[in-house]
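A.B. asks: Turn this into a structure:
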Amino acid sequence: MRKTAVEKTRNIGIMAHIDAGKTTTTERILFYTGQNYKIGEVHHGTATMDYMELEQERGITITSAATTCFWKDNQINIIDTPGHVDFTAEVERSLRVLDGAIVVLCAVGGVEPQTEKVWYQAEKYNIPRVIYINKMDRNGAEYNEVLEEIEEKFAIKPLLLQLPIGFEDTFNGIIDLITMKAHIYDSDVMGTKFQITDIPEDMLIEAELHRENLLEILSDYNMELMELFLEKKNISEKLIKEAIRKATLSLDLFPVLMGSSFKNKAVQSLLDSIIYYLPSPKDKKEVSGFCPKKGNEMIRNIDDKEHYSSFVFKILTDEHLGKLIFFRVYSGSLKAGSTIINASTGKKVRLSKIYKMYAQKRVEVKEIFTGEIGATGGIGDIHTGDTLCDIANQIEFENIAFPDPVISSTIEPKLTSDHDKLQLVLEKISDEDPTFKTYIDKNTGQKIVSGMGELHLEVIKERILREFKLDTKMGKPRVYYKETIQINGIGEEKYIAQESGKGLYGHVVLQIDPLEGKEKFQFDIKIDSNKIPSEFYNPIQEGIKESLTTGTLAGYPITDIKVTLIDGSYNDEDSNEIAFKIAASKAFRDAYKNAKPILLEPVMKIEILVQDEYLGDIISDINARDGKINNMENKNNIHIVDGIVPLSNMFGFATSLRTMTQGRANYSMEFFDYVKMSKAKTENVLVNQLGIYANN
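C.D. replies: You can find the predicted model right below:
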C-alpha cells in the first residue's frame, strides 16, 4: 500500500555550476523538511549528499546522490548533481529519470558555463524548471543582471515571483508577488521561523509594478485570470498559482525565486514552489518505449495498476551488496522477492530486496510504486540504461547517450602482484561510470584508462586507493584522439576459407566517404539483393562497426564516415554471416587506407574569470597554447574570457593559472568539438608520442 499518492510525488534534480550552492541548498531542504536534525555544511565536509570522502575533502559533488523528504504531505525525491564539467554524465543520467528541476544560479556569478550546459541538457529531456537565484547576501549580488543573463543565454522568459528585501549583507527576506506579503527571516533560529508582514512602504510601488507585469504575462495562460486582470478585479492566489503551474509544465515560462541558502533565508518558499509548480509523475500521463523483439512503439500509463516497468539510471559499488542499482519506476508496482526481466539483455532477475535511498543510507521496503526511485543489490549483468519490466508484458526504454572520453592515461599497480585486482577494480568503476573506459593497449600491453578530464582521472585514482585499498601509478595524461578520412576510398575483399570442413565465402565492395554533420556513422546499401541477399546486410554492418573502434593510422576510433555497400557476391553453399562480417571488416580497412586518414583532436571551451591586473598575462598564455579568444566582458570588475583551446595544450594550465594570478583567478573547461589537426602536429603525435612513422 503506497503512503503518498503519485499526484503528491515530485522527482526533482538540483543542478548548477560548481560553487553556486546546489548541495548547500539541498542540505537546507533536508533540514526544513525534518529529514535532517541538523544542517550539514559543504565547507565543513558534513554535507549529507556529499557522502564520499573525496567529496567532503574537495567540497564538490562528484556523484549524484538521491534522497527522499516530505513537505506539506508531499513526497519529494531529490537528486543532487555535480557542477563540475568532468562529471557531466552524472547530470545526464539523473535528468533521464527526473520530472522537474531546480536550477541554482549565483546572484554574483549569474549564468556560468556549466549552468548553460545543464540547462540545455534539461531542455533535451523537456524538463520543467524553477530558477533559484542563490547567494543574495553576497557582495556584488544583483538579481536584475542575472535576469538579463537568463533571458539572453537561455533564450527564455523568466517569470519573477519574488523581490529581495535588503541588499547584499542586509538581505533579510523576500516579497512574495503572488500574496503581496513580505517574508522576514530570523537568522538566530536557523531560518526555521519567519514573519509574514506587510510590504515595506519604500518597496510597495516597485512590488506593485512587478506584480502587474506578472499578472499580464500570466493572463495568456488562463482566460478567467485574463478577464479579471482586464477588469482590474481581485485575482485569487489559487488562480495565479494554477496559471504559473500550467505555463511551467508547458515549458513556456520559468518561475524565478531568490534567497540565501547558506544564511537560511527563503528556502521554504523554494520548497513551496516545488510542490506548486513542478510536475508529479502523473502529469506526464504516459511514457513511451518499444517492444524488445519487434521494435514497434509501446505505451505505459503512469499508474500503479499498469504492467511494471522501470529504468536503471545509476550503478554504485557497495561493500555489502556488490552492485547497488538505482532505478526509476515508470509504471506498475513491484514487491520485494519478485522475478522480472531485464528487457535490454533478455535475462530474468529476482529483486530479493528493495531499498529507498537517503544519500548513503538505505531503508528496506516491501514494495515500490509508480513514480518512485528505488535501489536493489546483488544482481549481476545489469548496466546503466537497462530496462526492468514485467516478464509477460515487456517494454524497453530508450538508453542514455554518453559523451566519449577525451583524455587517457596509463595505469598500473605499485605492486606487481596486484595486476589482477586492479583489472577487477577498473571493471567495477567502468560499470558505475559510462564515461570512464579502460582497455589494454595492444602495442604495449599497458592498461589504459580514459575519462572526461584531468580531474575525472585524478578522482578515479583516489577512489581506487581509498575505496579499494589499491595504490596505483598513473602516467602523464594524454589526449584521446580520433581518426577520420579526407577523401572517398574503395575497398574490396573476397573472403574464402575452410572452417571445420565447411567452406566460407563472402565478397563485398565498399565505398567510404567523409560524413559531415552531427551523425558520426552512416551505412547505405546500393546493391541488388540478387548479388548479396539482405540477410547478410546486418553482419556486413557489424563487421564495419567493429573496424571503426580501431583506426589503422594510429589505433584511435574512427568517426564522421559514410560507408556504402556498392558490390559483392555470394555462394549458395558457403556464404554465411561470419564470412560476410570478416569480408566487410577487411574491405573497410582496405578502403580506409586509400581515403587519406587523418587525426582529429579534441578542443575545449574555456571560460576564465580574472582580475584586471592579470588579464594581459592570461591572454598571452592562451595565445601561446594555440587558443582562440572568442569573447571578453567585464562583470563586477572581473574579466570573463571565453575561448577555444586544444586539449593537448592545456595540461598544467591549472598550476600555471595559479602562479600567474597568485591563486585569484578561476576557470572552467568543457569539451567543445573534434577538429582536424595540422600536418605538423599530426606527425609529432605519430612519431614522438606514438612511435609511428607518419607516411600519410
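
A.B. asks: Quick check: next helix or strand after the helix or strand bottoming out on mean pLDDT in the chain?
C.D. replies: In the chain, the helix or strand scored least confidently by mean pLDDT, DSSP states H and E is helix 53-58, which has a mean of 44. Next along the chain after helix 53-58, taking DSSP states H and E as the criterion, comes strand 65-71.

A.B. asks: Just the buried residues of that next one, please?
C.D. replies: 65, 66, 67, 68, 69, 71 (16 or more other Cβ atoms under 10 Å). In this view, the C-beta of every residue, glycine as well, is placed from N, C-alpha and C.

A.B. asks: swap in stretch 585-593?
C.D. replies: Here stretch 585-593 shows 585, 586, 587, 588, 589, 590, 591, 592 as buried, counting by 16+ other Cβ under 10 Å.

A.B. asks: May I see the residues you listed arranged in JSON lines, with distance to residue 525 and pLDDT as well?
C.D. replies: Converted to JSON lines, those look like this (distance: Cβ to Cβ, whole Å; pLDDT from 0 to 100):
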{"residue": "585", "distance to residue 525": "17", "pLDDT": "96"}
{"residue": "586", "distance to residue 525": "19", "pLDDT": "96"}
{"residue": "587", "distance to residue 525": "14", "pLDDT": "96"}
{"residue": "588", "distance to residue 525": "15", "pLDDT": "97"}
{"residue": "589", "distance to residue 525": "20", "pLDDT": "95"}
{"residue": "590", "distance to residue 525": "19", "pLDDT": "95"}
{"residue": "591", "distance to residue 525": "16", "pLDDT": "96"}
{"residue": "592", "distance to residue 525": "19", "pLDDT": "96"}
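
A.B. asks: Out of those, which is nearest to residue 127?
C.D. replies: Using Cβ to Cβ, residue 588 comes nearest to residue 127 of the buried residues of stretch 585-593, at 40.0 Å.

A.B. asks: The closest one touches residue 546, doesn't it?
C.D. replies: No. Applying Cβ atoms under 8 Å, one finds residue 588 not in contact with residue 546, separated by 9.1 Å.

A.B. asks: Need phi/psi at the one residue sitting closest to the centre of the chain.
C.D. replies: The centre of the chain sits closest to residue 92, judged by Cα atoms, centre = their mean, with a distance of 2.1 Å. As for residue 92, its main-chain torsions (degrees, to the nearest 10) stand at phi -60, psi -50.

A.B. asks: and what of residue 302?
C.D. replies: The phi/psi pair for residue 302 (degrees, to the nearest 10) is phi -80, psi 90.

A.B. asks: Now for it, how many residues are close by?
C.D. replies: 20 (other Cβ atoms under 10 Å).

A.B. asks: wait, what's in contact with it?
C.D. replies: 6, 281, 282, 284, 285, 286, 287, 330, 331, 370, 371 (Cβ atoms under 8 Å, 6 or more residues apart in numbering).

A.B. asks: let's see it at 6 Å
C.D. replies: 281, 282, 284, 285, 370 (Cβ atoms under 6 Å, 6 or more residues apart in numbering).

A.B. asks: where's it relative to residue 70, distance?
C.D. replies: Distance, residue 302 to residue 70, by Cβ to Cβ, to the nearest Å: 21 Å.

A.B. asks: export the buried residues of stretch 585-593 to TSV and tack on secondary structure and distance to residue 265?
C.D. replies: Below are the buried residues of stretch 585-593 laid out as TSV (DSSP: H, G, I helix; E, B strand; the rest coil; distance: Cβ to Cβ, whole Å):
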residue	secondary structure	distance to residue 265
585	helix	63
586	helix	68
587	helix	67
588	helix	62
589	helix	64
590	helix	68
591	helix	65
592	helix	61
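
A.B. asks: Need these in CSV (columns: distance to residue 432).
C.D. replies: As requested, those are arranged in CSV below (distance: Cβ to Cβ, whole Å):
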residue, distance to residue 432
585, 32
586, 37
587, 38
588, 33
589, 34
590, 39
591, 38
592, 34
